[in-house]
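Engineer: Structural data only, the sequence is not supplied:
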């Protein structure tokens, strides 16, 4: 079955949480690993603070439509994002979510918040990165959805830095899908952020530590795919 | 006007990127900019509109390094009318637009069609009508293929992947300057914004000949003494004058159509269903076909690559060979491709069904389910 050879991954969160970076890095790492990969952001005339969604597919063979109706894995980074992507769940979908009790970030720049007609949520403009205390998220009670909660924001805040929150989530996704090696993901991170790393070397350390943390936070899954 | 054409010196960076075939991972808009560079495009005239903006951005970033030009005009009509200016003095010109911008550009495109002035347009379709969405659709098929107040003497390639965006953009420049009909690459917002793998190359390294752009006006010698005068017209005083001129142009178009027309077809023996789709939807159609074939369905697949001229004869042959073959036309528009297909099948009795979803993407699963429905469980498992 073709469906089992393709990983359909949806990442959803608030602008400012690094949703699109996770999508880009996953797809870039899969490309570097010699797989077929396709990444597309949702883009539109979003009002400020809109939910940001990334669609990623990783396959051994060719990939069809860029978007999909049901996901094999969703990574949900805010409660509102969880509401928005409900329709993508099916029995067996892995539901990875941040279980830290923090408020999601808020985009407080009015001009940027309007976003004109351009692309994705303006992540660089979030006032914070999900580090203020708030109520714990409530994951869905949908039938057959496999819940995987990780304290990503908590770990980022207490052990690393808020800025690498999304890389922890990326590490968890990589562990759950079991088709990319940590080295391949590290190479993708280096390619995307290399210039920033040269300007500020501790960024690299944080990012690589965050990736390792993410890998640790979830147990490697039972091999459900042949 | 601030456009400075320096000599076409390929810079080191360009050489580095395209010298050897190189697998890259990038957005479709970026692919188009590289393709225009590889095709030897001299000038882009454009006006911003999502989802094609990054074609302009990447091109504008590349131009200073490679001696090419870019001019942002005050609107799409101006960009469209500037293009023939470049082409008349022997420059390869192109533009990129979408949606309402595509509508505004129809007037200059119609002029180029009338005067046989070459040019390349990249269309990244968005939702319509009007502003609608900035995201995606296949609703600009009819507008791109036959828009304007004329007969639609155009060449339109509908691409389905980044590799095709690269190769057909190069090909579009060749077709435009070889045949001198307005030539289009019909993409969409998905292809514009998504990232996937593509192999970039210099066309010369694959033995692809690049058709040179020769000046059309300002030729050497004194007109009427040393050479025939060049008299390009888009205005005619007499009906008969226009009629004669158009019939000549139609004859040229019909003569070149067979060598321009491209399509993909995969038809199993004794086919029951033929999926018909173009552009990015054709990817999903092909996947649906493969998955249905594995389940025992005798499903075939037909994809026009040129949607103008339309590969009608090829499609008609397939349909005529199996009178019970049911066609399922799939598109992100409400019957634009369907109308073209039905026109080509006139007189045949094949049933024609459709899956029409204007302004939204279509997955392989939806197409497979639609085949299931139309056949009501007649599958040979």
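Structural biologist: Everything's here; your move. Please read all numbers here as calculations on a predicted model, not as lab measurements.

Engineer: Contact partners for residue B:203?
Structural biologist: The neighbours of residue B:203, taking CB atoms under 8 Å, 6 or more residues apart in numbering or on different chains as the test, are B:38-39, B:170, B:210. Yep, even glycine has a C-beta here, placed from its N, CA and C like the rest.

Engineer: export the residues you listed to CSV and tack on pLDDT and distance to chain A?
Structural biologist: Formatted as CSV, those follow (pLDDT from 0 to 100; distance: CB to the nearest CB, whole Å):
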residue, pLDDT, distance to chain A
B:38, 95, 21
B:39, 96, 25
B:170, 98, 22
B:210, 97, 29
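
Engineer: a markdown table please, covering these and showing secondary structure and neighbour count.
Structural biologist: Compiled in a markdown table, the contacts of residue B:203 are given as follows (DSSP: H, G, I helix; E, B strand; the rest coil; neighbours: other CB atoms under 10 Å in any protein chain shown):
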| residue | secondary structure | neighbour count |
| --- | --- | --- |
| B:38 | helix | 24 |
| B:39 | coil | 23 |
| B:170 | helix | 26 |
| B:210 | coil | 16 |
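
Engineer: And the helices in the chain?
Structural biologist: Using chain A. A:19-32, A:79-84, A:110-114, A:152-159, A:165-177, A:182-199, A:201-217 (DSSP state H).

Engineer: The chain in question should be chain B.
Structural biologist: Using DSSP H, the helices assigned to chain B run over residues B:12-18, B:28-38, B:53-66, B:76-88, B:99-104, B:106-115, B:141-146, B:162-179, B:189-193, B:239-260, B:280-294, B:312-321, B:336-344, B:364-375.

Engineer: Going by mean pLDDT, which of those helices comes out lowest?
Structural biologist: Lowest mean pLDDT within the helices of chain B: helix B:12-18, at a mean of 64.

Engineer: Now do residue A:183 against chain B, distance only.
Structural biologist: Shown here: residue A:183 relative to chain B, a distance of 17 Å by CB to the nearest CB, to the nearest Å.

Engineer: Now do the same for that residue: its pLDDT.
Structural biologist: Confidence at residue A:183, expressed as pLDDT, is 96.

Engineer: And for residue B:20?
Structural biologist: Residue B:20 carries a pLDDT score of 81 in this model.

Engineer: Stretch B:204-211: end-to-end distance?
Structural biologist: Stretch B:204-211 has an end-to-end distance of 11 Å (CA to CA, to the nearest Å).

Engineer: Centre of the chain to it, how far?
Structural biologist: Its chain's C-alpha centre lies 20 Å from the corresponding centre of stretch B:204-211 when counted by CA atoms, centre = their mean, to the nearest Å.

Engineer: wait, what's in contact with the residue in the stretch 251-381 of chain B that chain A sits nearest to?
Structural biologist: Taking CB to the nearest CB, chain A has its nearest neighbour within the stretch 251-381 of chain B at residue B:287, 3.8 Å off. In this structure, residue B:287 makes contact with A:2, A:62, A:64-65, B:364, judged by CB under 8 Å, 6+ apart.

Engineer: Quickly note the distance from it to residue A:63.
Structural biologist: To residue A:63, residue B:287 is 8 Å away according to CB to CB, to the nearest Å.

Engineer: State the pLDDT value of residue A:121.
Structural biologist: You'll see residue A:121 listed with a pLDDT of 40.

Engineer: Check the burial of residue B:74 by counting its neighbours.
Structural biologist: Here the number of neighbours of residue B:74 (other CB atoms under 10 Å in any protein chain shown) works out to 8.
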